[in-house]
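>>> Provided below are the primary sequence and the corresponding predicted coordinates.
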Amino acid sequence: VPALLAIIGFTLFEAANTSQFSYIERFGVISNITEHQIGSALLVGSLLGIPGALSIFLIGDKFGLIKPLAFGLLLPVLALTMLLSSNNYSIYFLTSCLLGFSWSFCMPFIDSLLARIDRKGRVVAAGSSISFFGSALGPGIAAIVVSEGQYSNSFVLSIGLFLLTLLVFMILGKKMQATL
C-alpha cells in the first residue's frame, strides 16, 4: 500500500505542476504582461529551481520527509491563489518564482520517500516512469477545463491537485509511521 500511495502522490504532483504550467504563459498574455516580462519571470522561476533542489542538503531529514514535502506542496497553492487574486506583473513574477522553487524543492523529498519504501529501487523506478502519466494527464485535464480564455481554471485545477497530492502524502506518512 505505501508504494502505491507514493506513486499515486508522485503522479498527482506531476499532473498539478503540468496543468498550471501549460497555461501560465497565456495567463500572462491576457493579463497584459509583456512578452519580455513573461519570459523574464519564467526564466527566474526556472533558475530558482536550483536552490529549491539543493535545499534538501540543508534540511536533510531534520523534519522527516512529509513535513518539508507539505511545505513544498503548499507553496504553489499559495502562489496560484495569489495569481488568481491579482493579475499584475509583480504577482506574476512572484508566482513564477514560487512555482519554480517548489517543484524542485519537492522532487528530492519525493524521490527520498520512494527510496525509503523500497531500498532496492523498484518503487523509485516505477514512480519515475508512472509519474510521466501525470505529466501528460495534467495538460489534458487543463485543456478540458480551460475555455474561451479562462486560463485561471487550470490554476484552480492545479490547486485542487496539489491539495490532493498533499492528502495522499500525509496518509502515506501516517502509514509509514505505523509500520516503522
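Perfect, thanks for sending it. Numbering: from 1, shown residues only.

>>> Dihedrals phi and psi, the closest residue in space to Ser147 that isn't next to it in sequence?
Nearest non-adjacent residue to Ser147, counting by CB to CB, 6 or more residues apart in numbering: Asn153, 7.4 Å away. Using the backbone N, CA and C atoms, a C-beta is placed for each residue, glycine as well. Phi and psi for Asn153, reported as degrees, to the nearest 10, are phi -60, psi -30.

>>> what do you get for Gly64?
Main-chain torsions, Gly64, degrees, to the nearest 10: phi 80, psi -160.

>>> Tell me the spacing between the closest residue to it other than its chain neighbours and Leu65.
Ranked by CB to CB, 6+ apart and with sequence neighbours excluded, the top spatial neighbour of Gly64 is Gly173, at 7.5 Å. The spacing between Gly173 and Leu65, counted by CB to CB, to the nearest Å, is 8 Å.

>>> So which bits of the helix or strand bottoming out on mean pLDDT in the chain are buried?
Among the helices and strands of the chain, helix 122-145 carries the lowest confidence by mean pLDDT, DSSP states H and E, at a mean of 90. By 16 or more other CB atoms under 10 Å, the buried positions in helix 122-145 come out as 123-124, 126-127, 131, 134-135, 137-139, 141-142, 145.

>>> now swap in stretch 169-180 and tell me
Those would be 169, 171-173, 176, for stretch 169-180 by 16+ other CB under 10 Å.

>>> Could I get the buried residue list for stretch 52-72?
52-53, 55-56, 59, 65-66, 68-72.

>>> One more: stretch 80-92?
Residues of stretch 80-92 classed as buried: 80, 83, 89, 91-92 (neighbour count, 16+ other CB under 10 Å).

>>> contacting residues for Leu5?
Going by CB atoms under 8 Å, 6 or more residues apart in numbering, Leu5 touches 168-169, 171-172, 175.

>>> Going by distance to Val1, which of the residues you listed wins?
Of all the contacts of Leu5, Val1 sits closest to Lys175, with 6.3 Å by CB to CB.

>>> And for the least confident helix or strand of the chain, what's in contact with it?
3, 6-7, 10-23, 110-111, 114-115, 117-118, 153-154, 156-158, 161.

>>> run the last query once more with 6 Å
3, 7, 10-11, 14-15, 18-19, 22, 114-115, 117, 153-154, 157 (CB atoms under 6 Å, 6 or more residues apart in numbering).

>>> In helices, which of the residues you listed fall?
3, 7, 10-11, 14-15, 18-19, 114-115, 117, 153-154, 157 (DSSP state H).

>>> Just flag the most distant two among these.
So, the ones in helices among the contacts of helix 122-145 by CB to CB: farthest apart are Ala115 and Asn153, at 35.5 Å.
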